[in-house]
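Asks: Here is my input, please return the structure:
(2 chains)
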Amino acid sequence: MSESFFGLFVVGFPVLLLLFAWGVGAWMATRHEADLAEREPTVAHLQVHNTGRLEDAVAGPNPPAMVASEVTLGVDHFRGFLGQWKNLFGGQVRSYQMVLDRARREVMMRLLEQAHSLGYNAVANVRIDFVDISGSALTRRKAADVSVLATATAYYVPPKT
Amino acid sequence: MIVVNTESIPGYQVTHCLGIVQGNVVRAKHIGRDIAASLKNIVGGELRGYTELLTDARRTAMERMLAQARELQADAVVNVRFSTSAITQGAAELYVYGTAVKVEPVIQATRVS
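Replies: Residues are numbered from 1 along each chain as shown, chains lettered A, B, ... in the order given. As a prediction, the model looks like this:
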């Protein structure tokens, strides 16, 4: 009796963990997306370029300044598990794509919020880089996490009329 | 000190180029953060410990670069770039470099690109 209970626990615990990760992970992703959608209008008036030239720059109260931001997002166990399965057959790993997408949106949002809070109304030369903080992301066995670092130069443009 | 990641600064003119300045920092994650992050990683979402680690590393590297620039008596650092390399499992280098320059404000800097 106790042996079968133990067996049930050994099989059941990872399954429960996956179910938990699936539920909470999906909820957290939805919440993050809602949060991003809510914050986006506050910085929607900023001009964003990724060219090295500062288009339409005008002199403002402060000289242009560099802004930088970073974020680390984890891939939840359920989606990590799906991703590993997907690796057997190849093809698009949509669950990872969505995490990368959210990471990029979040890091851009932080960059723009920073420029906005410093009083600038445009950013140029936006660069987004992936950073491997955990070391050897390709050989790691555990669940993936992704770090993104963004830099840009904030400056002034004439206000929109 | 003006710091930008573009080649020029609107409203300013580069008068002297003082050469490359750089700053680097190698940070290791500590085990507490690792444990917290691996628990958080079950459900995904932001791993705040790692984000803070990166922010600290970036600030430190930047400060070191600016200290070099100040030593050269630069007014500005242009074309700043970040680069990272993973040295071993659990330690990463953040390297920041740029060109230290002396600048002068351009008169009538109303519309410069």
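Asks: Mind jotting down where the helices sit in chain B?
Replies: B:31-40, B:48-71 (DSSP state H).
Asks: so the shortest one versus helix B:48-71, what angle?
Replies: Relative orientation of helix B:31-40 with respect to helix B:48-71: 130 degrees, computed using axes from the mean of the first three to the mean of the last three CA atoms, to 10 degrees.
Asks: Share the number of residues neighbouring A:Ala44, please.
Replies: 8 (other CB atoms under 10 Å in any protein chain shown). The C-beta positions use only the backbone N, C-alpha and C, and glycine is treated the same way.
Asks: And the pLDDT for it?
Replies: With respect to pLDDT, A:Ala44 has a value of 90.
Asks: if I pick it, what's in contact with it?
Replies: Neighbour list for A:Ala44: empty [criterion: CB atoms under 8 Å, 6 or more residues apart in numbering or on different chains].
Asks: picking up where we left off before, redo the helices of chain B as a markdown table? Include mean pLDDT and distance to A:Gly83.
Replies: Below are the helices of chain B laid out as a markdown table (pLDDT from 0 to 100; distance: least, CB to CB, whole Å):
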| stretch | mean pLDDT | distance to A:Gly83 |
| --- | --- | --- |
| helix B:31-40 | 76 | 17 |
| helix B:48-71 | 91 | 19 |
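Asks: Can you add mean neighbour count and give the ones you listed back as CSV?
Replies: What follows is those, written out as CSV (neighbours: other CB atoms under 10 Å in any protein chain shown):
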stretch, mean neighbour count
helix B:31-40, 14
helix B:48-71, 18
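Asks: where in chain A is pLDDT low?
Replies: Residue ranges of chain A with pLDDT under 70: A:1-2, A:133-143, A:161.
Asks: Let me know the pLDDT of B:Glu46.
Replies: For B:Glu46, pLDDT reads 87.
Asks: In this structure it contacts A:Leu73, no?
Replies: Yes. Counting by CB atoms under 8 Å, B:Glu46 does reach A:Leu73; the two are 5.7 Å apart.
Asks: can you tell me which of the helices of chain B comes nearest to A:Tyr156?
Replies: helix B:48-71 (22.5 Å; CB to CB).
Asks: now that closest one, how far from the centre of its chain.
Replies: Distance, stretch centre to chain centre, for helix B:48-71: 6 Å (CA atoms, centre = their mean, to the nearest Å).
Asks: Quick one, which of the helices of chain B gets closest to chain A.
Replies: With CB to the nearest CB as the criterion, chain A lies closest to helix B:48-71 of the helices of chain B, at 3.8 Å.
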